[in-house]
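Visitor: here is a sequence with its predicted model. Questions after.
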Amino acid sequence: MKSGCGLSRKHNQKADTIFLYFWRYEEGQKLEQYLGRADDPSAETKGLQLMLSFYRLQDEDLHQRIRRIEAQIVARSRIKKPEPSRPDYLPETEE
């Protein structure tokens with residue numbers, strides 16, 4: 001499973017300009033979103049905000065998975081295991 005995001009810069013030779021893109025993986029496919037010129041501070045700020053949103057969602061999903069696993073562990077530890085019984089064919093012993 002591919003997961004992640006980031007910012008990439010691409011040089012456009014015709015315009016002789018570097019453009020900024022936000023990229024992320026979604027359902028195994030890499031998607032890119034144009035943000036603007038790389039020298040525009042607002043484009044980079046928008047990219048950082050998108051990265052933060054992406055990782056907050058990842059963090060929320062991860063914590064939900066952790067809580068489910070912890071709940072399963074707790075539920076399993078509460079199940080009382082039956083105590084082994086003595087087989088009927090063994091004679092009674094007095095101590």
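Guide: Everything's here; your move.

Visitor: which stretches in the chain count as strands?
Guide: With DSSP state E as the criterion, the chain has strands at 5-12, 17-26, 29-37.

Visitor: which elements pack onto the longest one?
Guide: Read that as strand 17-26. Judged by 3 or more Cβ pairs under 8 Å, 6 or more residues apart in numbering; DSSP states H and E, strand 17-26 is in contact with strand 5-12, strand 29-37, helix 41-78. C-beta here means a position set from N, CA and C on the backbone, and glycine is covered the same way.

Visitor: can you redo these as JSON lines with mean neighbour count, distance to residue 22 and mean pLDDT?
Guide: Converted to JSON lines, those look like this (neighbours: other Cβ atoms under 10 Å; distance: least, Cβ to Cβ, whole Å; pLDDT from 0 to 100):
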{"stretch": "strand 5-12", "mean neighbour count": "13", "distance to residue 22": "6", "mean pLDDT": "96"}
{"stretch": "strand 29-37", "mean neighbour count": "13", "distance to residue 22": "5", "mean pLDDT": "96"}
{"stretch": "helix 41-78", "mean neighbour count": "12", "distance to residue 22": "5", "mean pLDDT": "92"}
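
Visitor: quick one, which of those gets closest to residue 18.
Guide: Judged by Cβ to Cβ, the one of those that comes nearest to residue 18 is strand 5-12, at 5.1 Å.

Visitor: who touches the closest one?
Guide: 17-25, 32, 35, 38, 44, 47-48, 50-51, 54-55 (Cβ atoms under 8 Å, 6 or more residues apart in numbering).

Visitor: what strands line up against that strand, and which way round?
Guide: strand 17-26 (antiparallel) (DSSP bridges).
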